[in-house]
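> below: sequence and its predicted model.
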Amino acid sequence: MTTAAEVVRAFDDHDLHLTRFLYCDNGGTIRGKASSRHGLAGRIESGIGLTVAMQAMNSLDQLQPVPDMGPVGEVRLVPDPATFRVLPYAPHLGAMFVDMIGLDGKPAPVCQRSFLKRMCERLAERGLRIEISFENEFSLARAVGGEYEPVDSSLCFSTIGMTAVQDVIDDLVTALDAQAIVLEQYYSELGHGQHEIATGHAPAVTAVDNQIFTRETIRGVATAHGLVASLAPKPWPGNAGNGCHIHFSLWEGGRNRFHDPGGPGQLSAEARSFIAGLLEHLPGLCGLTAPSFNSYHRIVPHYWAGAFTCWGLDNREAPVRVPSLYAGREEASTNAELKAADASCNPYLAVGGLIAAGLDGMERGLEPPEPVQVDPGTLPEAEREARGIRPLPVSQREALDALAADDVLTGAMGGVLAGSYLAVRRSEWESYSSSDAAFEQQGHFEKY
Ligand code: GLU
Ligand code: MG
């Protein structure tokens, strides 16, 4: 689907009643407005109006004081017809992702999707394209008397867990397929009620659009089964966290530039520099990739989410993991994974920030330190210090302070986006840090 006319035709062919114009805001909330058939073609061309204030709205719907993001002013939600999907889990409904366009016809400086496009253009100037895929961990629960109960108490990768929700997963697989989202793998995960799907890789903007569709689909299918799906980083304080691991590799046409059969671990010099940049900026990047109050109950040592700035080969305690290659598919399977990421992020910002950090490493020709091949949390502090292994932020506040202090990341975002983002996320810290665990769970469980 590439043109407005094709979207309108599909709307009629599928007997839709509404199509949503979706965006993800600074608080990681997926929001939108919907158009009926009447006037749809015009809205696809020139967008739906949205108050500029929405990018100053936090995930508690508290409007923050941000310059030029008050009651006066509009942006247009202009959809990308290529993203149009009929939603299989909702009757008569379609959806598209939008760019936020100013009244001057240019991308609004606050537009997160346009930020990711800008970062992809910087890669394209070097002849490169980043391929991204996501591993989505989520928890399935029943809401009982105001509490969330995990649907199973099964063991890691256990078939008992798979069987407990096999009908839900079957509908999920069908729904993803109907939206042309490639599903690679499914399994029940460690936590009670926790399951995981890995989706196929695609160029960054498409991968992120699909990631948001995937989040919507997980929730939509669960709801149809009378369940609540949560992608919150730490849905229950005593249970495993939900990561949203981001896999990445750089390509030139059909060639994987992360791969070099002669390099150490078959990793190219460019891949190593990209990883080195990521490590250097990781504390600030966490402000984009693991950005909620709840995120820091997940990012703790020994929980396989990564809690120190390091990389490792097949090391699941390293926030940057380089997976071992598959025989016969060495080049195709060369990639790295950022584990310090969760679904409370705005994925356009998370991946855009990842690119900005990696590009900085490439531009400066950085070389990463030795990979860490043990759990870094078990190393004596003096050894960690000697090897340049720093703790990741331990709170949302620390992560946001690190982001604010990182000129490479905030410079790439630009003042308007960085300023509004920090205002929104910092206000969440103010609310959650002065309240209790029940308020934190309510504020994250059904929002992500
Ligand atoms: N659930 C872990 C996390 O919080 C990840 C477990 C795994 O390695 O898949 O990221
Ligand atoms: Mg997992």
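Perfect, thanks for sending it. Ligands and ions are numbered 1, 2, ... in the order given.
> find the closest residue to ligand 1 in the chain.
The minimum distance from the chain to ligand 1, using Cβ to the nearest ligand atom, falls at Gly243 (2.5 Å). Yep, even glycine has a C-beta here, placed from its N, CA and C like the rest.
> can you list the buried residues in stretch 405-424?
For stretch 405-424, a neighbour-count test (16 or more other Cβ atoms under 10 Å) marks 406, 408-410, 412-413, 416-424 as buried.
> now do the phi/psi pair for Leu313.
With angles defined as degrees, to the nearest 10, Leu313 sits at phi -90, psi 120.
> same check on Tyr23?
phi -140, psi 170.
> looks like it contacts Gly47 (just checking).
No - using Cβ atoms under 8 Å, Tyr23 is not in contact with Gly47, being 11.0 Å away.
> joint contacts of the two?
Residues touching both Tyr23 and Gly47 (Cβ atoms under 8 Å, 6 or more residues apart in numbering) are 77, 98.
> so between those two, which is more surrounded?
Set Tyr23 next to Gly47 and count neighbours by other Cβ atoms under 10 Å: Tyr23 wins out with 26 against 21.
> pLDDT score for that one?
Per-residue confidence (pLDDT) for Tyr23: 98.
> next up, the contacts around it.
Shown in contact with Tyr23 (Cβ under 8 Å, 6+ apart): 30-32, 77, 97-98, 100, 112-113.
> could you redo the last one with a cut-off of 7 Å?
Listed by Cβ atoms under 7 Å, 6 or more residues apart in numbering, the contact partners of Tyr23 are 31-32, 77, 97-98, 100.
> same deal with Glu135?
So Glu135 contacts 196, 198, 243, 245 (Cβ under 7 Å, 6+ apart).
> so the last one, which of the three states?
By that I understand His245. Three-state call for His245 (DSSP: H, G, I helix; E, B strand; the rest coil): strand.
> so who does Ala405 touch?
Ala405 is in contact with Gly284, counting by Cβ under 7 Å, 6+ apart.
> which residues are contacting stretch 231-247?
With Cβ under 7 Å, 6+ apart, stretch 231-247 has contacts from 132-139, 189-192, 194, 201, 215, 218, 290, 292, 294-295, 297-298, 303, 305, 335, 337-339, 341-344, 350-351, 354, 437, 444-445, 448.
> keeping just the C-alphas, turn that stretch into PDB.
Taking Å, rounded to 0.1, in the frame of the first residue of the first chain, the C-alpha atoms of stretch 231-247 are listed here in PDB:
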ATOM      1  CA  LEU A 231       4.800  -5.300  28.300                       C
ATOM      2  CA  ALA A 232       5.800  -3.300  31.400                       C
ATOM      3  CA  PRO A 233       9.400  -3.700  32.300                       C
ATOM      4  CA  LYS A 234       8.700  -5.200  35.700                       C
ATOM      5  CA  PRO A 235       5.000  -6.100  35.800                       C
ATOM      6  CA  TRP A 236       5.300  -7.700  39.300                       C
ATOM      7  CA  PRO A 237       8.000  -6.700  41.700                       C
ATOM      8  CA  GLY A 238       8.900 -10.400  42.500                       C
ATOM      9  CA  ASN A 239       8.700 -11.800  38.900                       C
ATOM     10  CA  ALA A 240      11.000 -11.700  35.900                       C
ATOM     11  CA  GLY A 241      11.200  -8.400  33.900                       C
ATOM     12  CA  ASN A 242      10.000  -7.900  30.400                       C
ATOM     13  CA  GLY A 243      12.800  -6.900  28.000                       C
ATOM     14  CA  CYS A 244      12.300  -5.500  24.500                       C
ATOM     15  CA  HIS A 245      15.800  -6.500  23.200                       C
ATOM     16  CA  ILE A 246      16.900  -4.700  20.100                       C
ATOM     17  CA  HIS A 247      19.000  -6.600  17.500                       C
END
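> any residue of stretch 341-361 touching ligand 1?
No - Stretch 341-361 stays clear of ligand 1 (Cβ under 6 Å from any ligand atom), getting no nearer than 7.3 Å.
> angles on the backbone of the nearest residue to Leu176 once chain neighbours are set aside, please.
Using Cβ to Cβ, 6 or more residues apart in numbering and skipping the chain neighbours, the partner closest in space to Leu176 is Leu183 (5.0 Å). Dihedral pair for Leu183: phi -100, psi 130, per degrees, to the nearest 10.
> could you do Ala198 as well?
Main-chain torsions, Ala198, degrees, to the nearest 10: phi -110, psi 130.
> and Gly353, by the same measure?
The phi/psi pair for Gly353 (degrees, to the nearest 10) is phi -70, psi -40.
> which ones are touching it?
Counting by Cβ under 7 Å, 6+ apart, Gly353 makes contact with 285, 288-289, 409.
> what is the nearest of the residues you listed to Glu125?
Leu409 (18.9 Å; Cβ to Cβ).
> check contacts around the most centrally placed residue in the chain.
Nearest to the mean C-alpha position of the chain, by Cα atoms, centre = their mean, lies Pro347 at 3.3 Å. Contact analysis of Pro347 by Cβ under 7 Å, 6+ apart lists 24, 208, 211-212.
> inside strands: which ones of these?
Of the positions in those, Cys24 sit in strands, assigned by DSSP state E.
> restricted to helices, list the contacts of Pro347.
Residues of those located in helices (DSSP state H): 208, 211-212.
> can you redo these as TSV with distance to ligand 1?
Below are the ones in helices among the contacts of Pro347 laid out as TSV (distance: Cβ to the nearest ligand atom, whole Å):
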residue	distance to ligand 1
Val208	19
Gln211	16
Ile212	19
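> show me what from the stretch 101-250 of the chain comes close to ligand 1.
Residues of the stretch 101-250 of the chain lying close to ligand 1 (Cβ under 6 Å from any ligand atom) are 137, 240-241, 243.
> quick check: the farthest pair among these?
For those, and using Cβ to Cβ, no pair is farther apart than Ala240 and Gly243, which are 9.2 Å apart.
> between the two, tell me which one has more neighbours.
Neighbour comparison, Ala240 and Gly243: the larger count goes to Gly243, with 28 against 21 (by other Cβ under 10 Å).
> ok, how many other residues are close to the closest residue to that one other than its chain neighbours?
Computed as Cβ to Cβ, 6+ apart, the closest residue to Gly243 that is not its neighbour in sequence is Glu137, at 5.2 Å. Around Glu137 there are 24 other residues, counting by other Cβ under 10 Å.
> check the one 10 residues further on too.
Counted by other Cβ under 10 Å, the residues lying close to Glu147 total 11.
> circling back: what about the contacts of Glu135, which one has the most neighbours?
Gly243 leads the contacts of Glu135 on contacts (other Cβ under 10 Å) with 28 neighbours.
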